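Enquirer: my questions are about this predicted structure, shown below with the sequence.
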Amino acid sequence: MHKDSFGLVLTAASAEAAAAYNHVMDGYLGYRADMAPRMAALLATDPECPMAHCLKGYFTMLGFSQALVPAARKAAAETWRLVVAATPREHSHAAALDAWVNGAPDRAIEIWNQILRAYPHDILAFRLAHFMNFWLGRPEAMLASVLEVEKHWSHAEPVYNAILGCRAFAHEECGYYTEAEAAGREAIRRDPTDVWSAHAVAHVMEMQGRRGEGIAWVEGLQANWDGANNLRHHLWWHQAMCHLERGDFARVLTLYDTAYRDLDAALTQAMPDLYIDAQNAASMLFRLSRHGIDPGDRWIELADKAEARIGDCLSAFTLPHWMMALAATGREAAGAAMLDAMRDYAEQSAGLNNILVRDVALPVTEAVLRHGQGRHTDSVALLRPVLGEMYRLGGSHAQQDVLEQLFLDSALKAGLDRDAQTLIERVSGRHPVPPSRRAGYVMAAQYG
Ligand SMILES: [Fe+2]
């Protein structure tokens, strides 16, 4: 019988296979960029390991790409075939992957939570549930999960950093900034390479308007990020957000080209159409456009990638970002085709993501197009009914902010004072920093 690093029974052919599995899990928990060779080594060592195929399916789904779903489906089928003689825990993982592949991420979360009730040391189920709850706009579920699971973990275990990082981020998204920062800083003291904990603290600084500290935080830690995955880009995006708030637009663009939108894959393992990288880039260019900054040709490569992804609706929050690129480059036909494809997707099934696209992503994404066409009254009319629903698309408060800016910009340009006032009141009540101190809202701060 073999066990993984966390003391859980692992169905594997040899101790070498268990070690290869642990190496993959170390990479996943550490946001490492070299996951492909780690997975290849595991599958070469033990081609019949059920959890190896399950991990392959999970990691494939984490790309939130429709083109990758067939590969994930194949991995799920292999997992089912191999899991027959495996443990109940591994069987549950096969069921969670199956649910996810078949369009029921909410069911996958339920199964991961069931696993955690029986096996609170199943850090894989924990991290996946954390991640999926985040992308479904459920910060309270993220926090409830970490508070339940951490009781079973010892601070002495190195992997406790994963718990601290998730607690820090869950607290931050729930608005408990003091607890969030303390947990994040403790994690960084234990392991300065911990990018998820670094990210949680960067969020605290963003939400509290501590721009200089946010810039210095990233500056001081980035030397530890060699070999980390694209989360590095997102951390540099956070740093750029601090520069933006200070009005240093030149620095925002320099970081765009050299850090968070560095397209030289050899340097940063950039994945230029990965959902988070696209969100970072499009949301920043949209914000810059509100300050009259000419981004040059930067929208064009994004718009090309947006066109190539038309019909891929797996990442609902990314859809308005793709549309920002189409709208900014005047690609009207592509914009219309994208909306048609989203409508088709919404009607394909009653899966959670289909519903999210129909009820929230569609009006928001159409509003982005109307805003780009100068049809600001139409943009406001589309957004007004879903202002309170946008959180369901997932993403952090810092990321969701760009959609609130979209509404405000449309309302101001349409001369819809009451809508602008509604938005400012909403933002004033929900964000710790007043509109008068935020670059995207100061022009309407009189409504606060
Ligand atoms: Fe973030």
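Expert: Yep, that arrived.

Enquirer: pLDDT weak spots in this structure?
Expert: Low-confidence segments of the chain (pLDDT under 70): 265-271.

Enquirer: and the strands in it?
Expert: Ranges of strands in the chain, per DSSP state E, are 2-3, 9-10.

Enquirer: partners of the first one, with directions?
Expert: Looking at strand 2-3 with DSSP bridges, its paired strands and their directions are strand 9-10 (antiparallel).

Enquirer: give me the residues contacting the strand it pairs with.
Expert: Residues outside strand 9-10 that contact it (C-beta atoms under 8 Å, 6 or more residues apart in numbering) are 1-4, 18, 21, 49, 51, 87, 89-90. The way it works is simple: take the backbone N, C-alpha and C, and place the C-beta from them, glycine included.

Enquirer: same thing but at 6 Å, please
Expert: 2-4, 18, 87 (C-beta atoms under 6 Å, 6 or more residues apart in numbering).

Enquirer: output the strands of the chain as CSV; include the columns distance to residue 354.
Expert: What follows is these, written out as CSV (distance: least, C-beta to C-beta, whole Å):
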stretch, distance to residue 354
strand 2-3, 40
strand 9-10, 35
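
Enquirer: buried deepest among those strands, which one?
Expert: With neighbours taken as mean count of other C-beta atoms under 10 Å, the strands of the chain reach their highest mean count in strand 9-10, at a mean of 19.

Enquirer: between the contacts of strand 9-10, which is nearest residue 368?
Expert: Distance ranking of the contacts of strand 9-10 against residue 368, using C-beta to C-beta, places residue 4 first at 44.0 Å.

Enquirer: and that closest one, its phi and psi?
Expert: Taking degrees, to the nearest 10, you get phi -90, psi -180 for the backbone angles of residue 4.

Enquirer: now it: closest residue in space that isn't a chain neighbour?
Expert: residue 10 (4.7 Å; C-beta to C-beta, 6 or more residues apart in numbering).

Enquirer: do the same with residue 352
Expert: residue 106 (5.0 Å).

Enquirer: and what of residue 193?
Expert: residue 224 (4.5 Å).

Enquirer: next, work out how far apart residue 256 and residue 133 are.
Expert: According to C-beta to C-beta, to the nearest Å, residue 256 stands 30 Å off from residue 133.

Enquirer: so the two - more neighbours on which side?
Expert: Between residue 256 and residue 133, counting by other C-beta atoms under 10 Å, residue 133 is the more crowded of the two (25 against 21).

Enquirer: OK, contacts around the more buried one?
Expert: Taking C-beta under 6 Å, 6+ apart as the test, what residue 133 contacts is 141-142.

Enquirer: helices along the stretch 1-150 of the chain, start to end?
Expert: 15-29, 35-45, 50-61, 69-83, 88-101, 105-118, 123-134, 139-149 (DSSP state H, counting those that start in this stretch).

Enquirer: distance from the chain centre to the third one, please.
Expert: What that stands for is helix 50-61. Distance of helix 50-61 from its chain centroid, counting by C-alpha atoms, centre = their mean, to the nearest Å, is 19 Å.

Enquirer: one step back: between all of the contacts of strand 9-10, which two are separated the most?
Expert: Using C-beta to C-beta, the contacts of strand 9-10 span at most 13.4 Å, a distance reached by 18 and 87.

Enquirer: the more surrounded of those two?
Expert: residue 18 (23 against 17).

Enquirer: and the gap between that one and residue 99?
Expert: Relative to residue 99, and taking C-beta to C-beta, residue 18 is found at 26 Å.

Enquirer: residue 90 too?
Expert: 15 Å.

Enquirer: what is the burial count for the residue nearest to residue 352?
Expert: 16.

Enquirer: what sits up against stretch 404-412?
Expert: 290, 371, 376, 379-380, 383, 419-420, 423, 427, 440.

Enquirer: can you lay out those residues as JSON lines showing distance to residue 180 and neighbour count?
Expert: JSON lines is the format used below for these (distance: C-beta to C-beta, whole Å; neighbours: other C-beta atoms under 10 Å):
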{"residue": "290", "distance to residue 180": "28", "neighbour count": "16"}
{"residue": "371", "distance to residue 180": "33", "neighbour count": "25"}
{"residue": "376", "distance to residue 180": "36", "neighbour count": "20"}
{"residue": "379", "distance to residue 180": "34", "neighbour count": "28"}
{"residue": "380", "distance to residue 180": "34", "neighbour count": "27"}
{"residue": "383", "distance to residue 180": "29", "neighbour count": "26"}
{"residue": "419", "distance to residue 180": "32", "neighbour count": "23"}
{"residue": "420", "distance to residue 180": "31", "neighbour count": "24"}
{"residue": "423", "distance to residue 180": "26", "neighbour count": "28"}
{"residue": "427", "distance to residue 180": "20", "neighbour count": "24"}
{"residue": "440", "distance to residue 180": "23", "neighbour count": "20"}
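
Enquirer: dump the residue contacts of residue 273.
Expert: Counting by C-beta under 6 Å, 6+ apart, residue 273 has contacts residue 305.

Enquirer: mind doing that once more with 8 Å?
Expert: 305, 308-309.

Enquirer: just checking, which of those residues belong to helices?
Expert: With helices taken from DSSP state H, the overlap with these comprises 305, 308.

Enquirer: for residue 446, state which of the contacts of residue 273 is nearest.
Expert: Closest to residue 446, out of all of the contacts of residue 273 and judged by C-beta to C-beta, is residue 305, at 38.8 Å.

Enquirer: count of residues packed around that closest one?
Expert: 18.

Enquirer: right, and it touches residue 275 too?
Expert: No. Between residue 305 and residue 275 there is no contact under C-beta atoms under 8 Å: 11.0 Å.

Enquirer: overlap in contacts, those two.
Expert: By C-beta under 8 Å, 6+ apart, no residue touches both residue 305 and residue 275.

Enquirer: sorry, back to before: can I get the contacts of stretch 404-412 in a markdown table with distance to residue 359?
Expert: Shown next, in a markdown table, are the contacts of stretch 404-412 (distance: C-beta to C-beta, whole Å):
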| residue | distance to residue 359 |
| --- | --- |
| 290 | 27 |
| 371 | 20 |
| 376 | 23 |
| 379 | 18 |
| 380 | 18 |
| 383 | 13 |
| 419 | 20 |
| 420 | 25 |
| 423 | 20 |
| 427 | 23 |
| 440 | 26 |
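
Enquirer: and those residues, which is closest to residue 199?
Expert: residue 440 (21.1 Å).

Enquirer: any idea how far the closest residue to the closest one other than its chain neighbours is from residue 238?
Expert: Nearest residue to residue 440 in three dimensions, chain neighbours excluded: residue 405, at 4.6 Å (C-beta to C-beta, 6+ apart). As for residue 405, its distance to residue 238 is 17 Å (criterion: C-beta to C-beta).

Enquirer: more crowded one of those two?
Expert: Between residue 405 and residue 238, residue 238 has the larger neighbour count (other C-beta under 10 Å), namely 24 against 20.

Enquirer: I am finished for the moment; much appreciated.
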